[in-house]
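Asker: Predicted model and sequence follow; I will ask about them next.
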Amino acid sequence: MSEGATIRKAEEKPLLLSARGLVKSYGGNRAVDGVDLDIPERAFTTLLGPSGCGKTTILRMIGGFETPDAGSLTLDGRSLAGVPPERRPVNTVFQNYALFPHMTVFENVAFSLTLRRGAQDPTPQVKRALDAVHMGEFAARYPHQLSGGQQQRVAVARAIIAEPHLLLLDEPLSALDRKMRSHLQIELKDLQRRLGIAFVYVTHDQEEAFALSDMIVVMNRGKIAQKTDPLTLYARPADTFVADFIGSASLIEGEILATAKEQATIATPLGTITAPAVEGLAPGQRAALVLRPENLRQAPAHPGSGKGHEIAAQVRHVVFKGDRFMIEAEAAGLALRLMTEQPPEPGAEIRIAFDPKTSFITRLAS
Ligand SMILES: Nc1ncnc2c1ncn2[C@@H]1O[C@H](COP(=O)(O)OP(=O)(O)OP(=O)(O)O)[C@@H](O)[C@H]1O
């Protein structure tokens with residue numbers, strides 16, 4: 001993959017929020033276990049990871065709904081220690097829209113503003129916030145007269161009306177159907193660009209994270225496994241946890257034989273392969289070769305007639321994916337997945353080829 005120009009460098013923007021050594025435990029369970037995190041201004045940052053990895057707890061500490069056991073949070077250069085939620089320039093959009101059922105859309109959106117600003121007429125700002133989420137025509141309706149997607153748009157309007165420096169969004173689209181979700185993803189991304197404020201978004205859906213983010217922070221059991229832009233995350237996963245969580249890679253374990261600048265040679269059951277590698281590997285160390293379906297192809301039947309590294313494999317399953325077929329094949333007792341337009345029969349002997357330059361050698365997750 002060509003990196004460089006296409007990769008957006010979120011981290012080059014000025015810093016808005018900084019977390020250092022954040023820890024939060026519940027009983028004996030460390031929900032957040034020493035997290036350092038820098039959130040740039042005007043960027044879309046996503047906390048991504050499996051259920052229970054500590055994403056929401058981090059969001060709640062930034063919002064002021066939980067107090068860290070240890071560590072510090074700084075926003076706009078000021079410590080957030082002891083600052084109550086309503087005095088932080090931060091607002092949160094939750095998964096369950098939490099609109100007031102007895103108030104109209106207009107009143108719901110105006111509510112936080114009237115609390116903050118007293119008697120001033122909120123109409124122009126409410127109108128602007130509703131227009132920003134394409135809900136201007138619905139001001140007089142009640143929440144029960146809206147679809148889930150519309151309710152969530154109102155919740156976003158309510159959260160942005162007080163012009164926070166930072167908007168926190170906790171799985172805001174997870175209750176919506178797939179089509180509405182991808183529609184609102186585009187709207188949210190567009191809104192974040194137009195408003196120019198920083199969003200910190202929590203999701204366990206990697207496709208959603210890729211669609212939205214300038215920077216993705218992958219979490220595993222209370223710790224950060226990797227934080228980088230989406231392209232780097234996909235092409236250069238820091239360890240097998242990240243590689244496995246992002247996409248549907250086959251991870252082939254082996255032993256590092258040699259290392260050179262930005263690449264390594266690994267002995268695996270599929271042969272000895274020299275490929276780009278994560279930094280810091282050493283000869284003798286166990287590591288894994290990451291093979292993604294789109295980097296593997298079916299090679300001609302005769303050994304050596306294709307290009308790149310070739311592997312003999314047997315087809316186990318063929319799954320129709322709409323535009324193409326996914327082959328699940330077995331080679332040296334390992335499962336490999338690849339896409340094809342011409343599906344072979346299950347049981348067929350095939351040859352699989354890949355260009356080692358498109359694969360990646362990474363660390364085993366601890
Ligand atoms: N108030 C609480 N009391 C006790 N345990 C809690 C509390 N809040 C969170 N936890 C625990 O802390 C861990 C992290 O929870 P958290 O909600 O931050 O995870 P998450 O990554 O946001 O998960 P999900 O995607 O399921 O929301 C979990 O093991 C959870 O059970």
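Answerer: Received it, and whenever you're ready, just let me know what you need.

Asker: so what's the closest residue in space to His144 that isn't next to it in sequence up against?
Answerer: Counting by C-beta to C-beta, 6 or more residues apart in numbering, Pro101 is the residue found nearest to His144 once chain neighbours are left out, at 6.5 Å. Backbone N, C-alpha and C define where each C-beta goes, glycine included. With contact set as C-beta atoms under 8 Å, 6 or more residues apart in numbering, Pro101 has these partners: Tyr142, Pro143, His144.

Asker: of all the residues you listed, which comes closest to the ligand?
Answerer: For the contacts of Pro101, the residue nearest the ligand by C-beta to the nearest ligand atom is Pro143; the value is 23.5 Å.

Asker: I'd say that closest one and Arg153 touch.
Answerer: No. Counting by C-beta atoms under 8 Å, Pro143 stays clear of Arg153, with 11.5 Å between them.

Asker: Same drill for the two, tell me which one is more crowded.
Answerer: For Pro143 versus Arg153, the count of surrounding residues by other C-beta atoms under 10 Å is larger for Arg153: 25 against 19.

Asker: Please name the residues that touch the more buried one.
Answerer: Contacts for Arg153 were tallied using C-beta under 8 Å, 6+ apart; they are Val133, His134, Met135, Leu184, Glu187.

Asker: any idea how far the fourth one is from Leu22?
Answerer: Between Leu184 and Leu22 the distance is 29 Å, computed by C-beta to C-beta, to the nearest Å.

Asker: just to revisit the earlier point, and the contacts of Arg153, which is closest to the ligand?
Answerer: Lowest distance from the ligand to the contacts of Arg153 (C-beta to the nearest ligand atom) belongs to Leu184, with 18.6 Å.

Asker: quick one, phi/psi of Ala159?
Answerer: Recorded main-chain torsions at Ala159 are phi -80, psi -30, according to degrees, to the nearest 10.

Asker: Please tell me I have it right and it contacts Ala98.
Answerer: No. Counting by C-beta under 8 Å, Ala159 does not reach Ala98; the two are 10.4 Å apart.

Asker: Tell me which of these two has more neighbours.
Answerer: Neighbour count, other C-beta under 10 Å: between Ala159 and Ala98, Ala159 has more, with 22 against 13.

Asker: That one and the ligand: what is the separation?
Answerer: 19 Å (C-beta to the nearest ligand atom, to the nearest Å).

Asker: cool, Thr265 as well?
Answerer: Distance, Thr265 to the ligand, by C-beta to the nearest ligand atom: 37 Å.

Asker: Next: Gly222.
Answerer: Counting by C-beta to the nearest ligand atom, the separation of Gly222 from the ligand is 7 Å.

Asker: Nearest spatial neighbour of that residue, chain-adjacent residues omitted?
Answerer: Taking C-beta to C-beta, 6+ apart, and ignoring the residues beside it in sequence, Gly222 has Asp33 as its nearest neighbour in space, at 3.5 Å.

Asker: a strand runs through the one you found, doesn't it?
Answerer: Yes. Counting by DSSP: H, G, I helix; E, B strand; the rest coil, Asp33 falls inside a strand.

Asker: Wait, it touches Asn220, no?
Answerer: No. Between Asp33 and Asn220 there is no contact, the gap being 9.9 Å when judged by C-beta under 8 Å.

Asker: what stretches of the stretch 251-366 of the chain score poorly on pLDDT?
Answerer: Counting by pLDDT under 70, the stretch 251-366 of the chain shows low-confidence ranges at 303-306.

Asker: Recalculate using a threshold of 50.
Answerer: Confidence mapping of the stretch 251-366 of the chain against pLDDT under 50 gives zero matching residues.

Asker: Could you look up the SS state of the residue of it found nearest the ligand?
Answerer: The shortest separation between the stretch 251-366 of the chain and the ligand is 16.8 Å, found at Ala365 (distances taken as C-beta to the nearest ligand atom). Going by three-state DSSP, the secondary structure assigned to Ala365 is coil.

Asker: which residues does it contact?
Answerer: Asn220, Ala225, Asp239, Thr240, Phe241, Val242.

Asker: now, which of the residues you listed lie within helices?
Answerer: For the contacts of Ala365, the ones inside helices are Thr240, Phe241, Val242, with DSSP state H as the criterion.

Asker: Thanks a lot, catch you later.
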